[in-house]
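# Fold the stuff below for me.
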Amino acid sequence: MKNLLIFGLMIVAMVLVQFAQAQTVDEIADKYAEARGGKDKLTAIKSIYMEGAGQMMGNEIAVKVIKEQGKLVRNEFETGAGNGYRIVTEKEGWSMFSMRSTTPSPMTPEAVAAQQTELDIAGPLVNYTAKGHKAELVGKENTEAGIECFKIKLTSNTGRELNYWIDAKTYLLVQSSQKMSGRNGTEVEALTLYSDYKAVDGILFPHTVESKGQGPGGGSTTFDKVELNKPVDPKMYKPE
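Numbering: from 1, shown residues only. Predicted coordinates for the structure are as follows:
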């Protein structure tokens with residue numbers, strides 16, 4: 001009986017620890033949403049349009065990003081050497097880079113599925129449970145820049161694993177990572193850094209985004225225009 005009692009107490013303690021951790025993850029996710037401007041404002045966004053400039057493969061590029069909540073992500077870029085785009089919808093995707101080919105290439109179903117979280121303008125962490133995602137607090141960790149962060153591992157409703165680093169002081173997202181397919185079928189860790197947060201219609205957005213570990217597609221982009229809830233032309237959903 002004594003051993004059974006001890007075993008029972010251990011089970012209860014384990015459950016309580018897991019519950020406490022879940023509460024902590026929820027608290028951090030809620031503070032992140034609040035730091036951005038609040039859940040109500042974030043979930044009310046229907047579309048976003050962004051323009052900026054950056055570098056890719058050593059070239060200056062002009063960048064446009066068009067998103068429609070839950071339906072579309074379209075990234076366009078233009079350089080002196082050529083232009084291109086990447087389109088992801090709920091079920092399909094295409095990419096085109098004029099230096100390689102002027103014919104759009106369809107994305108594999110696996111690639112489309114891997115990028116579904118990009119359709120979420122508010123971000124997967126906001127109301128993550130209602131979206132069918134799971135989140136786990138890994139602990140505290142400093143970034144390479146020395147920022148103390150809460151590290152959260154999120155498993156999307158499609159089984160995709162993403163890591164988020166939330167600034168322990170500001171509760172803003174400073175970096176994220178996920179595994180992506182590299183050349184020759186190898187898997188690489190793609191890291192994205194977020195900085196220069198500015199308010200747009202009362203919501204904070206990072207205006208500088210830097211991608212690392214993504215091969216030729218890596219680089220930094222600074223956005224000078226961010227507009228919310230503009231109508232999205234249906235033509236944006238299809239390759240040209």
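# only C-alpha atoms for contact and neighbour calcs from this point on.
OK.
# pretty sure Thr24 is in a helix, no?
Yes - membership of Thr24 in a helix is supported by DSSP: H, G, I helix; E, B strand; the rest coil.
# Pretty sure Thr158 sits against Glu110.
No - using C-alpha atoms under 8 Å, Thr158 is not in contact with Glu110, being 10.6 Å away.
# More neighbours: those two, which one.
Thr158 (12 against 8; other C-alpha atoms under 10 Å).
# quick one: secondary structure of that one?
coil.
# Can you give me the distance of it to Ala113?
According to C-alpha to C-alpha, to the nearest Å, Thr158 and Ala113 sit 7 Å apart.
# which residues in the chain form strands?
Secondary structure of the chain (DSSP state E): strands at 47-56, 59-68, 72-79, 82-89, 93-97, 101-106, 134-142, 148-155, 161-167, 173-181, 187-200, 203-212, 219-228.
# Give me the residues contacting the longest one.
Here strand 187-200 makes contact (C-alpha atoms under 8 Å, 6 or more residues apart in numbering) with 173-182, 204-214, 226-228.
# Which of the strands of the chain sits closest to Arg36?
strand 203-212 (4.8 Å; C-alpha to C-alpha).
# Check which helices and strands the closest one sits against.
When contacts are defined as 3 or more C-alpha pairs under 8 Å, 6 or more residues apart in numbering; DSSP states H and E, strand 203-212 sits against helix 2-36, strand 187-200, strand 219-228.
# Lowest average pLDDT across the ones you listed?
The minimum mean pLDDT among those belongs to helix 2-36 (a mean of 65).
# Now do the same contact list for Glu60.
Ala53, Gly54, Thr79, Gly80.
# number of nearby residues for the closest residue to Arg86 other than its chain neighbours?
Excluding its sequence neighbours, the residue lying closest to Arg86 (C-alpha to C-alpha, 6 or more residues apart in numbering) is Ser95, at 4.3 Å. If you count neighbours by other C-alpha under 10 Å, Ser95 ends up with 18.
# okay, and for this protein, where does confidence drop off?
Along the chain, the parts satisfying pLDDT under 70 run over 1-23, 181-186, 213-218.
# try it again with 50
Judged by pLDDT under 50, the chain has its weakly predicted residues at 4, 7, 9, 12-22.
# Pretty sure Val25 sits against Ala135.
Yes - at 6.9 Å, Val25 counts as touching Ala135 under the criterion of C-alpha under 8 Å.
# Pull up the overlap in contacts between the two.
Common neighbours of Val25 and Ala135 (C-alpha under 8 Å, 6+ apart) are Ile152.
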